[in-house]
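Trainee: heads up, no residue letters with this:
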């Protein structure tokens, strides 16, 4: 809290009235809206606003283009990964089928060998 104010009521009232009068004088001293200087300033402000909007549109266009490019790259990457996965699965399936056919051939060869041995044994006994 400030120290005691030695100004009396009339001083404070006069100071307030002077401040209000200064504000009113400042308002009245303002140039009219059709003044060439005011018109020039408003045109300059409008031009600055147009340039600002243009830059914002350019940034938005660049952002959208970057997002589109990123989405396209992601799609291509996912397609490549899917193609690699499908190729890997096809190779694994082919290898499994080859192993299975090799196992079947080996089993058949063993079965044929046992059959031939049994036949040979039967011929020897006769």
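Mentor: Cool, got the structure. This is a predicted model, so every value here is computed, not measured.
Trainee: now the longest helix along the chain: mean pLDDT?
Mentor: Using DSSP state H, we find that the single longest helix of the chain is helix 36-125. In this model, helix 36-125 carries a mean pLDDT of 95.
Trainee: name the helices or strands packed onto it?
Mentor: Of the remaining helices and strands, none touches helix 36-125 by 3 or more CB pairs under 8 Å, 6 or more residues apart in numbering; DSSP states H and E. No exception for glycine: its C-beta is placed from N, CA and C like everyone else's.
Trainee: geometric centre of this protein: which residue is closest?
Mentor: Nearest to the geometric centre of the chain sits residue 67, at 6.0 Å (CA atoms, centre = their mean).
Trainee: now do the contacts for residue 79.
Mentor: Under the criterion of CB atoms under 8 Å, 6 or more residues apart in numbering, residue 79 has no neighbours.
Trainee: would you mind measuring from it to residue 73?
Mentor: Counting by CB to CB, to the nearest Å, the separation of residue 79 from residue 73 is 11 Å.
Trainee: same deal with residue 119?
Mentor: Taken as CB to CB, the span from residue 119 to residue 73 is 68 Å.
Trainee: and stretch 109-126, how far from the chain's centre?
Mentor: Centroid separation for stretch 109-126 versus its chain: 74 Å, with CA atoms, centre = their mean, to the nearest Å.
Trainee: then stretch 77-87?
Mentor: 23 Å.
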